[in-house]
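>>> Okay, sequence plus prediction incoming.
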Amino acid sequence: MSKAQSIALKLIITFLLFSFSVFAYATQYNQTKNILINQVNVFDGKSKNLLLKRNILIEGNKITKISVDPITVGENVILIDGTGKTIIPGLIDVHVHMIFGSLSMLQMASPDLGEDVIFKNVSTQSENMLLRGFTSVRDAGGPIFPLKKAIDEGQVSGPRIWPSGATISQTSGHGDMRLPHEKSRRFFGPISRAESVGATFIADGRDEVLTAVRENLREGASQIKIMAGGGTSSAYDPLDVTQYTFDEMKAAVDAAEDWGTYVTVHAYTNRAVQRAIKAGVKCVEHGQLLDKKTLKLMKRKGVWLSTQRLVDNTSDMDESRIIKRAPVLEGQQVIWPLAKKLKMKLAWGTDFLFEPSLMDTQNDYIVKLEKWFTPYEILKMVTHDNAQLLALSGLRSPYSGKLGVIEEGALADMILIDGNPLENIGILSQYADKFSVIIKDGKVVKNNAE
């Protein structure tokens, strides 16, 4: 484990001991009025062409009417002029780490970093993500439950969160975050600090995997994340290794399916993914080393590919990680166009870790997909399609209602854009200036249209 990871775990302990509720941070968006958006062009999440000059009524947290005719309303309403603008569903990122992405290595290395600074960084990153237009995210592993609770209760501003809870890893797997001096609890005693704060579970054998999955479900996980292969940022496992036996993976799937939800796996290689599919896994994270045969198997079985346009190597990366990442960076040039050609169930996420400055580029990584996709395909992926993956949680979804579309009866998560992203997808990177209005759950969280 790297020094940065070691420091990060110590800070996570501090973070979890610190309650968001200590701060009386009431949300600044306490609006209860209905909303009427007039004469706006609509990207509904599915159609290739805009619906022109529509009037949209939002009552409570849902879209109740979309009409070409004027909509009559009473006095208790917020009027927004959408003339010449485009409204789209709220953006969705299905692979974030809200906690691990909020602290920089410099901050983690500071011996003077206090609880108030940790809280400020995490809550600021959460609010900024919402102001970039991301109204929903799937957290792919980490101690996320305190932040999600604070957002849902209005103490912190941020996106809806589909939490995975602690990642589940075998000993020496991608989620084995132990410090060098920490030995296996099976032979030497106490659990590691990473496990004690809910960052990860090290679980070996069917019984331990069942317990780990059930612990996450007990905390409110909407899906389960297990580590099925090597990673580029972990200390103990080469990239090529396959992790978890079939019986262990099947245990995770059985426990999740008993609760009406699914397992997603961290995996890059054909062997790891084929084993996961056989065990009944419904989603694969990453997959940049997969070949056409395995992708076809995924398509045939209806398995999602949740992948990323990866960050290029930076000056902060050590040489061993750069070497590990080389084949993955090369593989992403193949996986995106091939998955598109095969018409797979394809989802997009960022997967930023320990570099808060990267969070500000979240929208840029949507635009980078333009190398392989049209603006329409990109917009549909980061709204409607990503919402379909969120919906895979079924009754374990923490929020009821339909997302990723602009239609009557859907949840009112949307962005009013000054321009047309179907003509210029790059406008998504100009969120500070071009996102005139952002609405989450029927509440205006940004309004520059007045």
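Looks like it arrived, so ask away. Predicted model only: the values in this text are computed from it and were never measured.
>>> Sketch out the helices for the stretch 1-150 of the chain, chain order is fine.
Counting by DSSP state H, counting those that start in this stretch, the stretch 1-150 of the chain has these helices, from start to end: 3-17, 105-109, 115-131, 145-152.
>>> Give me the below-cutoff pLDDT ranges for the stretch 101-250 of the chain.
Within the stretch 101-250 of the chain, the segments meeting pLDDT under 70 span 104-116, 187.
>>> tally of neighbours for the residue nearest to residue 428 when sequence neighbours are not counted?
Distances taken as C-beta to C-beta, 6 or more residues apart in numbering place residue 363 nearest to residue 428, at 4.9 Å, with adjacent residues excluded. For glycine as for every other residue, the C-beta is placed from the backbone atoms N, C-alpha and C. When neighbours are counted by other C-beta atoms under 10 Å, residue 363 registers 23.
>>> do the same with residue 171
A total of 15 residues lie near residue 171 under the criterion other C-beta under 10 Å.
>>> Next: residue 299.
Neighbours of residue 299 under the rule other C-beta under 10 Å: 16.
>>> who are the neighbours in contact with residue 276?
With contact set as C-beta atoms under 8 Å, 6 or more residues apart in numbering, residue 276 has these partners: 228, 249, 263, 265, 267, 284.
>>> wait, what's in contact with residue 272?
228-229, 242-243, 265 are the contacts of residue 272 under C-beta under 8 Å, 6+ apart.
>>> can you check residue 165 too?
The neighbours of residue 165, taking C-beta under 8 Å, 6+ apart as the test, are 141, 144-145, 198, 215-216, 219-221, 224-225.
>>> Please flag which of those sit within strands.
Those of the contacts of residue 165 mapping onto strands are 224-225, per DSSP state E.
>>> Would you convert the contacts of residue 165 into CSV that also reports distance to residue 380 and neighbour count?
Supplementary listing: those in CSV, determined by distance: C-beta to C-beta, whole Å; neighbours: other C-beta atoms under 10 Å:
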residue, distance to residue 380, neighbour count
141, 26, 30
144, 27, 27
145, 31, 19
198, 34, 21
215, 36, 16
216, 31, 28
219, 33, 14
220, 29, 14
221, 27, 26
224, 27, 30
225, 25, 29
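>>> In TSV, list the contacts of residue 165 along with distance to residue 423.
Converted to TSV, the contacts of residue 165 look like this (distance: C-beta to C-beta, whole Å):
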residue	distance to residue 423
141	37
144	37
145	41
198	44
215	48
216	43
219	44
220	41
221	40
224	40
225	37
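>>> what packs against the longest helix along the chain?
Ranked by number of residues, the top helix in the chain under DSSP state H is helix 319-341. Applying 3 or more C-beta pairs under 8 Å, 6 or more residues apart in numbering; DSSP states H and E, we find helix 319-341 packed against helix 292-301, strand 304-307.
>>> can you tell me the distance between the two ends of stretch 345-362?
22 Å (C-alpha to C-alpha, to the nearest Å).
>>> I'd like the average pLDDT over that stretch.
Mean pLDDT, stretch 345-362: 92.
>>> Identify each buried residue in stretch 374-393, please.
By neighbour count with 16 or more other C-beta atoms under 10 Å, stretch 374-393 contains the buried residues 375-387, 389-390, 392-393.
>>> ugh, wrong one, I meant stretch 191-204
In stretch 191-204, counting by 16+ other C-beta under 10 Å, buried: 192-195, 197-204.
>>> still on that earlier bit, which of the contacts of residue 165 lies at the shortest distance from residue 51?
Proximity of the contacts of residue 165 to residue 51 (C-beta to C-beta) peaks at residue 144, which lies at 35.9 Å.
>>> Return the distance of the residue nearest to that closest one when sequence neighbours are not counted relative to residue 216.
Nearest-residue entry for residue 144: residue 163, 4.6 Å, with adjacent residues in sequence omitted and distances by C-beta to C-beta, 6+ apart. For residue 163, the distance to residue 216 equals 8 Å [C-beta to C-beta, to the nearest Å].
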